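Trainee: this one's structure only:
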Ligand SMILES: Nc1ncnc2c1ncn2[C@@H]1O[C@H](COP(=O)(O)OP(=O)(O)O)[C@@H](O)[C@H]1O
Ligand SMILES: CSC[C@H]1O[C@H](OP(=O)(O)O)[C@H](O)[C@@H]1O
């Protein structure tokens, strides 16, 4: 690959992204290239550059110095691009099959050049279309188990872990989650966004002291527990999938946090999809929740038993305690994600895309009841079958 001088930051255009791809030597000389900006996320630019003859492509993702969804009034660190490329590389060292290859990154331009995954589909889109992705939960359960174990004090040298954690200190992106997931939706805050018809339901949440206490405990965990390297925003819009393959993208929120967080986020987004479906079509989502947890626990337990670097790993009862606490936390984090995707700043197409207003409002009220119970009753759930029970009990 060609070595290029790193340049001062400027937002790329389609033309400049093409020129960069050529300078990087990622395409044959003189080949006709087509570039389109395809970013549909909340934060960044994403350029798809394709060789018109071979149809081979690459992706150039660039951070903007602000949050795209809001505009320049919300400045945001460009460092998130470095976090993202480093997280993809770190994950690739444990689970290369589940992340795009990173070809190049440049801190000053805030870019990550990576494998083009457009032969797959964003899982959220596919799930909304009714696809089931039979291997999705097996793959994500393994992705979370391996990345969590190998970046923890049980899976790597404990001094190296502290250095790795330092390199993933990500205060600005964590603050977004602290505000948008754990705080604003539970108070009357300007960033919230919901239909007028939901006002009474939302006010009930804002006045719920028990819910506030439990959400506060979960936020405290997120703020204080530097347990494992997390993706930090593992929703179904950050996953490309097909029937055989799964790839996780967009880890710009990566940081060292509580082990149950990615699990909770993923489970929440399966629940959000289930909330948008008629009863007869929900089963694949609950099966995915069961399998995510089963695969996570079996892979994580096997690694703990066979590869742990910590003397206490063999202490009877410790692994069970870690798994139980992880389960409880994941349920609580899932509840926060379900609530914030319903009434907070950043919504999901699963719920917002329900065309009939009455059905959409009913699904959102259901989401609020379900999210609340996941948070306040999380320690009482015995296993993943309880997700089904709570889902049914909160339907009306
Ligand atoms: N490696 C990739 N291959 C193909 N398309 C991609 C790739 N990465 C991102 N995209 C496209 O760009 C969109 C936004 O990417 P994402 O990383 O989620 O951005 P943001 O950080 O702004 O949320 C994705 O939904 C997908 O359509
Ligand atoms: C202003 S950021 C809102 C929201 O967007 C992020 O998601 P994504 O980058 O996948 O679009 C993240 O979930 C933030 O909470």
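Mentor: All right, it came through fine. For clarity, every value in this text was computed on a predicted model and none was experimentally measured. Ligands and ions are numbered 1, 2, ... in the order given.
Trainee: buried stuff in whichever strand or helix holds residue 362?
Mentor: For residue 362, the host element (DSSP states H and E) is helix 357-376. By 16 or more other Cβ atoms under 10 Å, the buried positions in helix 357-376 come out as 360-361, 363-376. C-betas here are computed from N, CA, C, even on glycine.
Trainee: around ligand 1, which positions in the protein sit nearby?
Mentor: 38-44, 46, 59, 61, 100, 114-118, 122, 238, 249-250, 252 (Cβ under 6 Å from any ligand atom).
Trainee: apply 5 Å and report the result again.
Mentor: Residues of the chain lying near ligand 1 by Cβ under 5 Å from any ligand atom: 39-41, 43-44, 46, 59, 100, 114, 116-118, 122, 249-250.
Trainee: which among those end up buried?
Mentor: 41, 43-44, 46, 59, 100, 114, 116-117, 122, 249-250.
Trainee: now the two most distant members of the buried residues of helix 357-376.
Mentor: 360 and 376 (25.0 Å; Cβ to Cβ).
Trainee: give the bridge partners for residue 45, please.
Mentor: residue 62 (DSSP bridges).
Trainee: wait, it sits on residue 59?
Mentor: No - applying Cβ atoms under 8 Å as the test, residue 45 and residue 59 come out as separate, 10.7 Å apart.
Trainee: now do the contacts for the closest residue to ligand 1 within the chain.
Mentor: Ligand 1 sits closest to residue 41 of the chain, with a gap of 1.9 Å, by Cβ to the nearest ligand atom. The neighbours of residue 41, taking Cβ atoms under 8 Å, 6 or more residues apart in numbering as the test, are 68, 237, 250.
Trainee: out of everything not next to it in sequence, what's closest to the last one?
Mentor: Taking Cβ to Cβ, 6 or more residues apart in numbering as the measure, residue 250 lies nearest to residue 238, with 4.3 Å between them; neighbours along the chain are not counted.
Trainee: contact residues of this protein facing ligand 2?
Mentor: Contact residues (Cβ under 5 Å from any ligand atom) of the chain with ligand 2: 41-43, 67, 180, 233, 346.
Trainee: returning to that earlier point: wait, doesn't the residue nearest to residue 250 sit right on residue 252?
Mentor: No - judged on Cβ under 8 Å, residue 238 makes no contact with residue 252 at a distance of 9.7 Å.
Trainee: just want the most central residue of the protein.
Mentor: In the chain, the residue lying closest to the centroid (Cα atoms, centre = their mean) is residue 234, at 1.5 Å.
Trainee: mind listing what that one touches?
Mentor: So, once contact is read as Cβ under 8 Å, 6+ apart, residue 234 ends up touching 140, 144, 248, 262, 265-266.
Trainee: those: which two are farthest apart?
Mentor: Every pair of the contacts of residue 234 checked by Cβ to Cβ; the farthest is 248 and 265, at 11.6 Å.
Trainee: most neighbours, which of the residues of the chain next to ligand 2?
Mentor: For these, neighbours were counted by other Cβ atoms under 10 Å; the highest total belongs to residue 233, with 24 neighbours.
Trainee: secondary structure element holding that one?
Mentor: Counting by DSSP H and E, residue 233 is found in no helix or strand.
Trainee: grab the nearest non-local neighbour of it.
Mentor: Closest residue in space to residue 233, ignoring its immediate chain neighbours: residue 253 at 4.1 Å, by Cβ to Cβ, 6+ apart.
Trainee: just the strands in the stretch 101-250 of the chain please.
Mentor: 102-106, 111-115, 121-122, 228-230, 239-241, 246-248 (DSSP state E, counting those that start in this stretch).
Trainee: nearest to residue 217, out of the ones you listed?
Mentor: strand 228-230 (18.2 Å).
Trainee: tell me the mean pLDDT for the closest one?
Mentor: Across strand 228-230, pLDDT averages out at 98.
Trainee: what pairs with it, and is each one parallel or antiparallel?
Mentor: As assigned by DSSP bridges, strand 228-230 forms pairs with strand 255-257 (antiparallel).
Trainee: list the buried residues for the strand it pairs with?
Mentor: By 16+ other Cβ under 10 Å, the buried positions in strand 255-257 come out as 255-257.
Trainee: contact partners of it?
Mentor: So strand 255-257 is contacted by 83, 151, 164-165, 168-170, 173-174, 222, 225-230, 232 (Cβ under 8 Å, 6+ apart).
Trainee: so which of the residues of the chain next to ligand 2 sit within strands?
Mentor: residue 67 (DSSP state E).
Trainee: widest-spaced pair of the residues of the chain next to ligand 2?
Mentor: Largest separation among the residues of the chain next to ligand 2 by Cβ to Cβ: 41 and 180, giving 14.2 Å.
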